[in-house]
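Colleague: Okay, here's the prediction I keep looking at, along with the sequence it came from:
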Amino acid sequence: MKLRTMANLSVAGLLAAFIVGPTPGSVGSCSTEVTYAKAPQFCADKYYWTYQRAYARGEATLEETQANVARIPADCNAIVFSDCTPTQLVADACINALKDGGRLGQTTDSIQECMDAALCPDSQFMEQPDAGSPAVDSGTPTDGGRSDGGAS
């Protein structure tokens, strides 16, 4: 009798897990609403990690890195997405790839998740509000340098 009761409880527990579990494709989400990346935040995150990676590879000094990081808010504040806006999920994939120490040997423009084709496959990725701000695309600024070539 005890064995039969345990078997029934096991079947009931298994059935309950299927009933209350997430549907396929919905794991980790509560809705189907797509969220989009905010251009200034994506720009700031991308260049912060680009500069940190250059420092970790020995391509920039601590002082250069600190100066580049200090300029990020001013450089990224007015950035806007132009032709398309990447989803937050795609933008996060780029930032996570930049944070990955195992990929430190790759330059930012060679990381697939951060390439324009992955972020925004249809057109140019960002518009610059003025010539002094960095374009948030896969190639500028270079990993260790300033987007303006170091001029002050």
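Modeller: Alright, I've got the coordinates. Numbering: from 1, shown residues only.

Colleague: drop to CA atoms for contacts and neighbour counts, all remaining ones
Modeller: OK.

Colleague: what ranges do the helices span in the chain?
Modeller: With helices called from DSSP state H, the chain shows them at 2-20, 39-56, 62-76, 88-99, 116-119.

Colleague: Which strands and helices lie in contact with the fourth one?
Modeller: In terms of contacts (3 or more Cα pairs under 8 Å, 6 or more residues apart in numbering; DSSP states H and E), helix 88-99 is packed against helix 39-56, helix 116-119.

Colleague: Now do the first one: everything it contacts.
Modeller: Residues lying outside helix 39-56 but in contact with it, judged by Cα atoms under 8 Å, 6 or more residues apart in numbering, are 60-62, 65, 68-69, 72-73, 76-81, 91, 94-95, 98-99, 104, 108, 136, 143-145.

Colleague: Please identify the buried residues of that helix?
Modeller: 39-40, 42-56 (16 or more other Cα atoms under 10 Å).

Colleague: do the shortest one as well
Modeller: Residues of helix 116-119 classed as buried by neighbour count (16+ other Cα under 10 Å): 116, 118-119.

Colleague: And stretch 85-100, by the same measure?
Modeller: By neighbour count on 16+ other Cα under 10 Å, the buried set for stretch 85-100 is 85-88, 90-99.

Colleague: Likewise for stretch 63-82?
Modeller: The neighbour-count check on stretch 63-82 (16+ other Cα under 10 Å) flags 64-65, 68-69, 72, 75-76, 79-81 as buried.

Colleague: Nearest to Val34, out of the residues you listed: which one, please.
Modeller: Here the nearest of the buried residues of stretch 63-82 to Val34, counting by Cα to Cα, is Phe81; it sits at 16.5 Å.

Colleague: Bridging across strands, which residues link to the closest one?
Modeller: In this structure, Phe81 bridges to Met126 when assessed by DSSP bridges.

Colleague: which one in the buried residues of stretch 63-82 is the model shakiest on?
Modeller: Least confident of these in the model: Phe81, at 84.

Colleague: so how far is Tyr47 from it?
Modeller: Distance from Phe81 to Tyr47, counting by Cα to Cα, to the nearest Å: 16 Å.

Colleague: One more: Val69?
Modeller: The spacing between Val69 and Tyr47, counted by Cα to Cα, is 8 Å.

Colleague: which phi and psi does Thr85 have?
Modeller: Dihedral pair for Thr85: phi -120, psi 120, per degrees, to the nearest 10.
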